[in-house]
Every structure is written in C-alpha cells, then in structure tokens.
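**Student:** Here you go, sequence then predicted model.
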Amino acid sequence: MAREETRGHVFHFVPVFLGAGAAVWFSLAEPPGAIALAVLLGVLSVAALIARYGPPLPAYGLGASALFVAGMALANLETWRQETVILDTPVTTIVAGVVERREAGSRSEWRYILRVTGTKDPQIRRPPERVSLLARGRHAAAPIGGGLSGRARLSPPSGPALPGLNDFAFASYFDGVGAVGFFLGPPTSLLTADDGGEWWLRLDRALFSLRDDISTRIRDVVPGDAGAFAASIITGERRSMSKEATESLRLSGLAHITAISGLNMALAAGIFFVGLRKLLSLLPGLSQSMPIKKLAAGGALLGAFAYLLISGYQVSAVRAFLMTAIMLVAVLFDRPAISLRNLALAAVVIVAVTPSAIMGPSFQMSFAATAALIAGYAAWREKPAKRWFPEFAFPGAAALKWSWSVIAGTLLTSLIGGLSTAVFAIAHFHRLAPHSLEANLAAMPLISLIVMPAGLVAMLLMPFGLDAPFLVVMGVGLDWVLMIAREVAGWGEGIGFPQPPGWFLPVASAGLLFLTLLSSVWRHIGTLLLMASVWGLVAVPGGMPRADLLVSEDGRLVGLLRSPASIATNRPRPPSFVFDQWRAARQFKAHIAPNAIAAPAPEKSPGPDRKQRAQADLDAVAERMRKALAGAETGRFVCEPKTWCAAKLANGWTIATVEDGALAGEACDIADLVISERRLGFSACRSGAALIEAETLRRTGAVEIRLADRISRQMTINASFDGPPRPWSQHRYYDWRSGTFPAVRTSLGISHLDATAKFEAEKTPVSGSGPAVSDNDE
C-alpha cells in the first residue's frame, strides 16, 4: 500500500469508487433518497478527514466509502435534474416542433430531433419535450432551427428485449428524448419557429447547424459510403453509411474508427501539435525567443476543442478531449503528458457531470482501452532495453527500421486494445471479432498516415473553399479501409457468446482495474479475477438460466426455445429489432416459422342477431384452435394469420397467443398459458390458465418463462422490470385516462427465475368471452 501511495496510484481509484456508487444507484430497485445520501456523505466525509491522522487502512476505507456515496448522490442529482417526460403508450398524432438536430440516412431519409411545440388529433395530455422522428417520404429537408409538422406514429423508447439486456429508455431519458417514431408521409416545413430560448440553447443549435453543414459538404464532395465514413470520423454522424458497410466494419473489428474517440482526437491533436511546432520552428527569431513547444500545445488544445464542438459531444469524444486537454496542459506546465493520473482526472470529470454515462458500453470500452494502453506502455518502458530489430548500415535501413516500428506499434496497440475491451464486447454485444488484429494492422496505417492528415487539412481549408482535393484523398483512403473491412468480414461472422450471468461484468471489470491501475504485486488480484470470470463464463454453458418461452414487451413476438440452437416463433418474419437481440443473447441459429392455416371465408347470410353471430364466430374460432392444437407439431406454432396462434410443448403445456382481445376468453378455456397483445378487462382466467396481457407486459417489460408443473400451472418468470418504477420506467405506470400514476404494486404477481410462483389475479377472474378493452392510443 505504501508503494502504491508513493507512486500516486491511490488517486487512480477515485473515479472507480465514484463510478461504482453511480452504477449501484442506477441498478438498485429502491435506492436511498437524496436526504439520506446527503447525511451519510457528510458523516463519512468528516470521518475520513479525521481518520487521515490515524492508521492508513481505516482512512482508505472511509475515503472509499465517502466516494462511493458521493457517486450515488451524483447519480441522484443527474436523474433529478434531467426530468425527461417519456411517452406512456404508442399514439398516432399530428406533431409540430422545432428541429434541434438532424442526420441524413443512407436511403435519403432524415432523422430529426424535434422540440415539441404542440400535438393535435389527438392532443397528448402528457407530451414529451423532445422526440426522435424518421422522415422517409420525399420532402425538402427542414433546416436546424426550422419548424416541422406532420402526422406521426410515436412510441415510448424500447425497454430491454430480454431481462438484463440494454434498456433503450434509460439512454433516452438522459438524452432528453421522450419518444421515437416516424412520420406517416412527408412532413411539412413550418414558416415560423420560436427563437430557441436561452442563449446556450441557441449556441447549441448553431453548433449543430455548423456540424450539419460540414457533414453535407463532405457527402457532396465524397459520395457513397466513403463520404458517410468521412462524416462519421469528423462530425460523428453515422446514419448515412449503408447497412452493408456498417456490418462489415463491425464484423472486422474496425467499427471503433467511426466513433470519435481517443484515436481520432489524439491523431487530430497530434498532427496539429507537430505541424504547428514545425511551422513555428521555421521562424528563427520566434523559435529562439519563445517556447514554441508550449505555443504548439496551446494551438493543438484549441484545435481539439473545435473538434469536440463539431463532433456532437459524444461520451467517447468528451473523454478523448479531456484526456488530450490534460495531456496538452501538462506540456504547458512541463509535466509528464501521458499517465494514468490524467485518465483518472478525465474520468472524475465525466462521472461528476454525467454519471449515467458509466452504464453505457462507450464509456466502459473507451476508458478500458485507454487504461490498458497507458499501463502497457508504462510496463514496456520499465523493462530493460532490448534490440528487437538488428542494426544495419545499408541504404534504406533507417526507413526499414521505422516501418518495423510502425508495424510493431500498431500490432501491440491493437492487441492490447482488443483484449482490454473483449470483456465489454461479450457483456454488451455478445460477440467478438476474431480477425480484428489483422484488420487493424492493415487499416490503421491508412487512417494515421492518409485519412486523418487529409481530413485535418480539409477542415482547415473548408472556410476558404479549398477543401475538395483533400476530402477526395480522405475518401480514397477510406475506400481502402472499407475494402479491408469487407475482405476481413468475409472470413467469418465472429465468435458469439450467450448473455453472461449478472456477476460477469462487475468481476471482470474489477479484475481489469486492478491489473491496469496498480503496479505492485496487488495487481495480480486482477489477473485472478479475470481468470475466474473467464472460467465462470466457460463453465456455465448458455450463460443465463435457460427459459422455455420468450415474450417481447408488446406481446406480439413469442418464442419457444426448442433447443439451445433453435427457436420457434409466432411470426413468420419476426421484427428484426427484437429478434436480432434475442439471437445474439441466446445464440440460437435456426428459426422455425409457424405453420399457417387458412381461416374460412365469413358467411354472407344474415343469420341470427348480431350478438348470436359474434358468439357463433368465437365458438368456430375456438373449435379451429382445438383441432389445430390436437394435430400440431410439438414445439412449433400453428397460426391463423392476424388472429391467433397455438403451440404445444414436449412437457404437455399448451400456449395460445391472440391478436384479437375478444378471443382471449376462448383461448383461456383451451390453452394452459394465454398471451394477448391487447389490453383486456381481466388479468386471470377462471379456468385456471395463466394469462399475460398487454397491461401486465407494459409494466414488466419483456419476460422469460420457465414452465414447471402443468397440472398446477406453475411457472417461473423473469421480468425486465420488477419493483417500484425508476424515473426512466415510470411512464409504464401512467394512466392516460385519469392523468395520474396509480399506486404501484411491486411484484405484479411475477417472480424471478430463482423463485417459483403462479400468476396472481389483479382483477376479477373471467372465463369465456368476457369484456375486452382494445388498445387506445391516448
């Protein structure tokens, strides 16, 4: 401990404990309130100050505890400060607003971020402040700051596709976006728009307008994927790149280039620093009288800040700028430029300002790679000098040695970066690119020597209209990078991993932190933790406990896991947004489509009265469902399109899904488990069958079900949301009819996979064709 303190490594753990406190606060079902945190933080801070004069271990423990509680308090403060209103249910309405941001897509579509100024037909009682809308129809693109209006389909941001997966509503809440959707037809530009409010809002809009102009200019000069790639590197806009190019970059392990991260920022600032220093050195009078190294560092700092402003303030860009700024400021004060302390300072700033960033893969992977690279460089520098390349005196030997240094450095950097981020790639994306080392070895020299220098010069000359030749050079370099990505992507789709257990990411992250932030023998605690996490991942086949049934949060997609490698669904073409996440998390290969049966044509004769005809139709549907179940293939859905689906499992359970709420009563009398994508007037079947309907799923999100004893209808259910709502999930409990948040039941009759329970009735049990409440869009 004394050695770590002497080297200043104790400070490296300040952002670790701050971030851990924030992560725990965001993860708890019922976190402590602001007053309790403030009192506890005050007590621990005073105790830590007093303990400084005593034994070191209690002082460290109290200090770490105070930082942990401070992280929780910061998370609480950010959540209270944000207060984003999230739409509660899908709705089709006419929305009008002011364009705050926009991005062009690869197929001439536009994605707008609108600040909502009004809705009508119907008017939303609890409207979100900002919405993200896709406009596919041909229309004159609205400028940033202009007004836009049109009929749109709005939906709340999606919850996790499965329990434990990414909750998109969490990110939307902290981004200030309360709904997502698309225009139904071309939107209309409005002639008038408001002034944008406070000065910082107008400044933000002006910066995004400048960013949009730069992106448009780049795409005009360099068409196709190369231009979209160039725009993503310079301004951070990625939507205009084709799906094929994006997938190739992902599979080859080159997708990190599109994010404005440490690589981009360091190359930009480094090129600016070296170039400005060389230019100043050409002036003898100035170079002899002024510290041109510090002048170049100041100029590079301004250039990096300008790069940050036009990049859209992404987390990776902010982290990279802070690291670069600290490095350049260190040069100004004659301090070491590259150190873990600088990284820790950058992390402290980001966690203090936006604690929610720590929950995302961008923050985690960015800091992990940077910490590993700095620690690896420090370890390499401490070792005795060795000659890795023989000394030669023939002409060109120096160039050959320089080339070897570039190749070896790129190889080592790619290896360290890839290994350090592998944990997070497995946890968040369930996939590793096995050939990323080869791809980076081939592509990074192009990025470093051609793409970034040409891009920097183009940006400097763009105000004078002289940027086109350099943008063309940049585009040629990126065409080569895309060619490498497509070639490497064709070697294989990568190594897939099932969704790991919940303990995997914290344990592996702790191991990586010990290994990179310490220098004594204690760092090998990290080695043991990483080995244990990898062993646990391999020793527990399939990752999460295997369920029999997967249900999406809207109830429209239901999947039967026939085997670890195959799934049968009630949709012939499952929605890709949800199904792709299921496939990645559960690693099944085969999809078994339902067996469709044709419904008989409706009778044209008037027959009995309307009520009797409706009941006769329901009885006919019930009879067809019984016959279909009797002859159905085990583990495969049989469906009457757009009406109902049914399936029987090997353990005897029968499942029915209904798209028409009026059929729920009949399904209750036939199946053991009924899933309805519509709201119903009842939440339990008198027949004893289990019922999952839209209102329940709205509150629980997507669920996994393990079916146990069929006779007693016992099942274990893992819900995405279980417990009191958090601010980013509170919209799931809003009642638009009363305009209130009713009292919340914490369990909703649903248990986790580690406990067995039955569905409990929340309303009066009904059997037969009981009253049904159809979906109501606000």
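**Tutor:** It's in. Since the structure is predicted, the reported quantities are computational estimates derived from the model, not experimental observations. Numbering: from 1, shown residues only.
**Student:** Residue 277 - how many residues pack around it?
**Tutor:** Residues contacting residue 277 under the criterion other Cβ atoms under 10 Å number 18. Yep, even glycine has a C-beta here, placed from its N, CA and C like the rest.
**Student:** The closest residue to it other than its chain neighbours - how many residues pack around it?
**Tutor:** Spatially, and ignoring its direct neighbours in sequence, residue 277 is nearest to residue 296 (3.8 Å; Cβ to Cβ, 6 or more residues apart in numbering). By other Cβ under 10 Å, 22 other residues sit near residue 296.
**Student:** Point out where this structure drops to low pLDDT.
**Tutor:** 192-197, 199, 262-263, 315, 336-338, 383-394, 396-397, 540-545, 601-613, 743-778 (pLDDT under 70).
**Student:** again, only this time at 50
**Tutor:** 745-778 (pLDDT under 50).
**Student:** would the residue nearest to residue 277 count as being in a strand?
**Tutor:** No: if the criterion is DSSP: H, G, I helix; E, B strand; the rest coil, then residue 296 is helix and not within a strand.
**Student:** Tell me who's in contact with it.
**Tutor:** Residue 296 makes contacts with 273, 274, 276, 277, 280, as judged by Cβ atoms under 8 Å, 6 or more residues apart in numbering.
**Student:** Please identify the helix or strand for the nearest residue to residue 97 once chain neighbours are set aside.
**Tutor:** Take residue 97 and drop its neighbours on the chain: the residue closest to it by Cβ to Cβ, 6+ apart is residue 114, 3.4 Å away. Using DSSP states H and E, residue 114 maps to strand 110-120.
**Student:** which residues touch that strand?
**Tutor:** Against strand 110-120 from outside (Cβ under 8 Å, 6+ apart): 93-105, 127-135, 141-142, 147-148, 177, 194, 239.
**Student:** From those, keep the buried residues only.
**Tutor:** Buried residues within these, counting neighbours by 16 or more other Cβ atoms under 10 Å: 93-105, 127-135, 141-142, 147-148, 177, 239.
**Student:** following the longest helix along the chain, which helix or strand comes up?
**Tutor:** Determined from DSSP state H, the single longest helix within the chain is helix 397-429. Per DSSP H and E, the first helix or strand lying C-terminal to helix 397-429 is strand 431-432.
**Student:** Provide the strand pairings for that next one, with the direction of each partner.
**Tutor:** Sheet pairing of strand 431-432 (DSSP bridges) gives strand 495-496 (antiparallel).
**Student:** And the longest strand that the chain contains, what does it pack against?
**Tutor:** Counting by DSSP state E, the longest strand found in the chain is strand 91-104. If contacts are counted by 3 or more Cβ pairs under 8 Å, 6 or more residues apart in numbering; DSSP states H and E, strand 91-104 sits against strand 110-120, strand 130-135, strand 147-155, helix 199-221.
**Student:** wait, which of the ones you listed is closest to residue 72?
**Tutor:** Minimum separation from residue 72 across the helices and strands packed on strand 91-104 (Cβ to Cβ) falls at strand 130-135, 27.3 Å.
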